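In: Test case, fold it:
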Amino acid sequence: MSTNPPILIDAAAPAVCAKKLTIGYPRETVVSEITVSVPRGDSLALVGVNGSGKSTLLKTLVGLIPALAGELEVVGALPGKAPRQIAYLSQFHNAGFILPLRAVDAVRMGRYANHGLLGRMTSEDDDLVREAMQRMGIWNLAGMPLRTLSGGQQQRIFIAQALARRANLLALDEPTAGLDAAGKELYQQALRDELCRGASVVIATHDIEDAMLCDQAMLLARKVIALGPGAEVITPEALLQAFGVVITMNKQQEMGIAVVEREHGHGC
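Out: All right, here's what the predicted structure looks like:
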């Protein structure tokens with residue numbers, strides 16, 4: 001009986017390395033010519049409106065859809081070839097409404113990549129699940145049916161699921177959606193802790209302030225508008241291209257966001 005060869009993973013390779021990458025779908029190119037490297041232990045924010053390419057890039061990184069062209073390695077392997085190394089948080093979560101899951105069951109799913117769906121969980125797995133739920137302030141909800149929880153509580157559950165994976169790369173799509181101020185603070189602390197332990201993080205977000213805290217930010221509008229340290233590349237000009245917004249400063253030099261209408265040119 002033949003066996004699959006082991007997946008070789010270069011532990012010294014960047015968490016993400018893309019060269020002239022084109023992403024999209026068979027009949028639709030979404031973004032072309034993406035070149036970016038995310039070192040181990042660093043964070044990258046993907047910033048843009050819906051349809052700008054953020055979610056498509058995340059799905060390509062985790063191997064859910066193939067790249068159309070170019071080169072891409074994720075945690076030292078081809079996309080999708082190192083599932084234990086990656087925790088992916090999607091925008092959409094259907095399992096809790098199809099299956100009668102408790103909150104703790106949903107978080108335990110973060111450990112399945114290590115054992116398989118029918119594999120036996122260990123005491124270490126149980127500890128990681130409890131720790132992840134405590135970090136997101138939801139251990140008291142462990143026995144509650146997932147479908148009875150509020151949207152913000154469910155989002156905390158799914159963030160805890162990603163944390164429980166103990167992955168080397170966290171790929172998170174709009175992780176703060178639905179979170180209240182307390183939940184967002186717990187999420188931000190959890191992210192800092194993940195980076196401190198050496199994990200890398202790629203987030204797709206509309207949150208400009210979160211993006212400015214990342215080591216790198218990529219502004220997308222079906223093309224790469226800007227790439228570099230968040231605090232440097234998120235400029236009024238870049239935001240205008242990506243969102244149709246500009247940064248304003250009040251007399252106390254506090255940052256704000258003002259929405260402006262894009263110019264409508266009529267020339268060639």
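
In: I'd like the average pLDDT over stretch 191-205.
Out: Stretch 191-205 carries an average pLDDT of 96.

In: go on, stretch 75-92?
Out: Rounded mean pLDDT across stretch 75-92 is 92.

In: And for stretch 137-153?
Out: 95.

In: so how far is that stretch off the chain centroid?
Out: Chain-centre distance of stretch 137-153: 22 Å, with CA atoms, centre = their mean, to the nearest Å.

In: Between the two ends of that stretch, what distance do you get?
Out: 9 Å (CA to CA, to the nearest Å).

In: quick one: buried residues of it?
Out: 137-139, 141-142, 146, 149, 152-153 (16 or more other CB atoms under 10 Å). Using the backbone N, CA and C atoms, a C-beta is placed for each residue, glycine as well.

In: Check stretch 19-35 too.
Out: 21-24, 30-32, 34.

In: Just the residues you listed: which are in strands?
Out: Among the buried residues of stretch 19-35, the ones falling in strands (DSSP state E) are 21-24, 30-32, 34.

In: Can you tell me the centre-most residue of the chain?
Out: Nearest to the mean C-alpha position of the chain, by CA atoms, centre = their mean, lies L172 at 1.8 Å.

In: Correct me if wrong, but it is in a strand.
Out: Yes - with DSSP: H, G, I helix; E, B strand; the rest coil as the criterion, L172 is assigned to a strand.

In: need the buried residues of stretch 19-35 in CSV with distance to L195, can you?
Out: Formatted as CSV, those follow (distance: CB to CB, whole Å):
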residue, distance to L195
L21, 24
T22, 29
I23, 25
G24, 30
V30, 28
V31, 26
S32, 30
I34, 23
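
In: Mind naming the longest helix for the chain?
Out: The helix that spans the most residues within the chain, counting by DSSP state H, is helix 181-196.

In: From the contact counts, what lies against that one?
Out: Counting contacts by 3 or more CB pairs under 8 Å, 6 or more residues apart in numbering; DSSP states H and E, helix 181-196 packs against helix 123-135, helix 151-164, strand 200-205.

In: one more time with 7 Å
Out: Other elements packing on helix 181-196 under the criterion 3 or more CB pairs under 7 Å, 6 or more residues apart in numbering; DSSP states H and E are helix 151-164, strand 200-205.

In: Which one, of these, ends up nearest to D42?
Out: Smallest distance to D42 across the helices and strands packed on helix 181-196 (CB to CB): 5.7 Å, for strand 200-205.

In: isn't V104 right up against A142?
Out: Yes - V104 is within contact range of A142, at 4.0 Å (criterion: CB atoms under 7 Å).

In: Next one: the residue nearest to the centre of the chain, what pLDDT does it get?
Out: pLDDT at L172 comes out at 97.

In: can I assume it is in contact with A87?
Out: No - taking CB under 7 Å as the definition, L172 is not a contact partner of A87, at 8.2 Å.
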